[in-house]
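**Q** coords below, sequence missing:
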């Protein structure tokens, strides 16, 4: 006859065999994080200040733009979706925290059963009623036996191996990753709003240049028509001036359509169907910082939300791998209940009806070897993928910043050359007009001078636009826009 000790011995032997059969893998290791250079290649900086530390209201000086950004961040659908996703992540985290605590349930139960005469319960109840050891209140109704239960039950998985703690940490890191994803959405929206805004300002400036050119060309056309009447110009010259005017007018209409497209994009970003976009008349350098402090590359790790998000996801997956390893060990749990339990409702709340139970349970996986190993392999591979994605994000961020810094420096040189070009071509237009009136230049020279001047003016505006856009992109690349 087996004793309790023998049962426990057999159980522990089976658990140990099961654990050994599963072949528990070694501890989950972490690779060393990538080390970023101390400086951007070929770009020296001794200042640790970075424009990423600035709130967008301090970075952008244009009040029209900051008002637009405020509205975008309040009404944009992507931003609102990100907020709801954060609530979901918070709920998952709350559930994982709760898994570490005992679960307590209150319950009430009532049932009635008619036991057959040839069942164990039926015979037992009949025999109980004949016992001289019970009083009248303890006799069971054998025709229909009720049962009433009212109490509390408690269950608790003891997290000896850290599986639940690892899952909780994974949920915490994913909650952080969701926060950082929301921050990334905000930084992107700030960048998009500013880019579209300065695109509108650029188009307005280009439209004004074309309108000025149309007026000049209309005046030139009037002059050449007068000269044709007095025999100093031909019909060919008139048609050439006419063609140039039509070309400029068509370009102006094209700019108007581009303006409408950009305005609608910005309205959609703001979550609006209709409206007007208030904006400055020109791209002023005072609207953006005079100096783009870029700090040190290591600051990207804490300023850029995409890098922080990748790192949080890496830590979450590392915790998943630890939980997958802990699944190889036995699960130990405790359960208990305390309740009033009676088959007679009159005695349900009597102290004699008080019942309680305490139960310990330990379960180890025995035949799930392949399943557990496959889950651990998947978690390990996912950890490697997350590590590589983190490295890729950091390297990409470093190169993005370095490229933008160089672009801003070189584009400033382009702006300087364009200013000289515009000044020279403005003089050439005046000179060609004077020479044409005095008969020392033909109409083709006037047309070429006007065309070159118009192209140079537009190129200069676009170069200013490019400089503003690059500064906006650098602000985001350094990690700004979400503070």
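**A** Yes, it's here. The structure displayed is predicted, hence computed values, not measured ones.
**Q** please make it C-alpha for all contacts and neighbour counts, starting now.
**A** OK.
**Q** helices or strands up against whichever strand or helix holds residue 465?
**A** Secondary structure from DSSP states H and E places residue 465 in helix 443-477. Here helix 443-477 touches helix 163-229, helix 235-269, helix 369-438, going by 3 or more C-alpha pairs under 8 Å, 6 or more residues apart in numbering; DSSP states H and E.
**Q** and that helix with helix 369-438, angle?
**A** 150 degrees (axes from the mean of the first three to the mean of the last three C-alpha atoms, to 10 degrees).
**Q** show me what counts as buried in helix 443-477.
**A** For helix 443-477, burial by neighbour count (16 or more other C-alpha atoms under 10 Å) applies to 443, 445-447, 449-454, 456-477.
**Q** thinking again about what came up before, turn the helices and strands packed on helix 443-477 into JSON lines, including mean neighbour count and distance to residue 324.
**A** Formatted as JSON lines, the helices and strands packed on helix 443-477 follow (neighbours: other C-alpha atoms under 10 Å; distance: least, C-alpha to C-alpha, whole Å):
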{"stretch": "helix 163-229", "mean neighbour count": "21", "distance to residue 324": "8"}
{"stretch": "helix 235-269", "mean neighbour count": "16", "distance to residue 324": "43"}
{"stretch": "helix 369-438", "mean neighbour count": "17", "distance to residue 324": "5"}
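**Q** and residue 39, which of the ones you listed is closest to it?
**A** helix 369-438 (9.7 Å; C-alpha to C-alpha).
**Q** report the secondary structure state of residue 341.
**A** In three-state terms, and counting by DSSP: H, G, I helix; E, B strand; the rest coil, residue 341 is strand.
**Q** so which strand or helix has the closest residue to it other than its chain neighbours?
**A** Using C-alpha to C-alpha, 6 or more residues apart in numbering and skipping residues adjacent in sequence, the residue nearest residue 341 is residue 149, 4.5 Å away. Under the criterion of DSSP H and E, residue 149 resides in strand 145-158.
**Q** and that strand, how far from the chain's centre?
**A** Computed by C-alpha atoms, centre = their mean, to the nearest Å, the chain-centroid distance of strand 145-158 equals 45 Å.
**Q** now stretch 82-95
**A** Distance, centroid of stretch 82-95 to centroid of chain: 13 Å (C-alpha atoms, centre = their mean).
**Q** that stretch: which residues count as buried?
**A** Those would be 82, 83, 85, 86, 89, 90, 92, 93, for stretch 82-95 by 16+ other C-alpha under 10 Å.
**Q** kindly report the same for stretch 135-149.
**A** Neighbour-count burial for stretch 135-149 [16+ other C-alpha under 10 Å]: 139, 140, 142, 145, 146, 147, 148, 149.
**Q** which of the residues you listed sits closest to residue 104?
**A** Closest to residue 104, out of all of the buried residues of stretch 135-149 and judged by C-alpha to C-alpha, is residue 149, at 16.0 Å.
**Q** contacting residues for the closest one?
**A** When contacts are counted by C-alpha atoms under 8 Å, 6 or more residues apart in numbering, residue 149 touches 107, 108, 109, 110, 339, 340, 341, 342, 348.
**Q** okay if I get the residues you listed as CSV plus pLDDT and distance to residue 482?
**A** Shown next, in CSV, are the contacts of residue 149 (pLDDT from 0 to 100; distance: C-alpha to C-alpha, whole Å):
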residue, pLDDT, distance to residue 482
107, 92, 49
108, 93, 52
109, 92, 54
110, 92, 58
339, 94, 55
340, 93, 58
341, 93, 60
342, 92, 63
348, 89, 62
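**Q** any of these buried? List them.
**A** Here, 16+ other C-alpha under 10 Å leaves 339, 340, 341, 342, 348 buried among the contacts of residue 149.
**Q** I'd say the third one and residue 353 touch.
**A** Yes - look at residue 341 against residue 353 with C-alpha atoms under 8 Å: they come within range, at 5.4 Å.
**Q** now the helix holding residue 465 against helix 235-269, angle please.
**A** 10 degrees.
**Q** pLDDT of stretch 172-189, averaged?
**A** Stretch 172-189 shows a mean pLDDT of 93.
**Q** er, stretch 271-279 I mean
**A** 91.
**Q** can you list the buried residues in it?
**A** 271, 279.
**Q** measure that stretch end to end?
**A** 18 Å (C-alpha to C-alpha, to the nearest Å).
**Q** who's in contact with that stretch?
**A** Against stretch 271-279 from outside (C-alpha under 8 Å, 6+ apart): 64, 65, 72, 75, 76, 77, 197, 201, 263, 267.
**Q** please repeat the previous calculation with a cut-off of 6 Å.
**A** With contact meaning C-alpha atoms under 6 Å, 6 or more residues apart in numbering, stretch 271-279 is reached by 64, 75, 76.
**Q** of the residues you listed, which is the nearest to residue 324?
**A** residue 76 (39.3 Å).
**Q** would you agree the closest one is in contact with residue 270?
**A** Yes - contact criterion C-alpha atoms under 6 Å: residue 76 and residue 270 qualify, at 5.5 Å.
**Q** returning to what we had before: got TSV for the contacts of stretch 271-279, with secondary structure and distance to residue 133 too?
**A** Shown next, in TSV, are these (DSSP: H, G, I helix; E, B strand; the rest coil; distance: C-alpha to C-alpha, whole Å):
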residue	secondary structure	distance to residue 133
64	helix	93
75	helix	78
76	coil	78
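**Q** of these, select the buried ones using a PyMOL command.
**A** Per 16+ other C-alpha under 10 Å, the buried members of those correspond to this PyMOL selection:
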select buried, resi 75+76
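**Q** and this protein, what are its domains?
**A** 20-100+160-329+369-477, 105-158+331-363 (automatic domain parsing).
**Q** pLDDT on the helix holding residue 465, on average?
**A** 88.
**Q** quick check: angle from that helix to helix 163-229?
**A** Computed by the same axes, to 10 degrees, the angle between helix 443-477 and helix 163-229 is 170 degrees.
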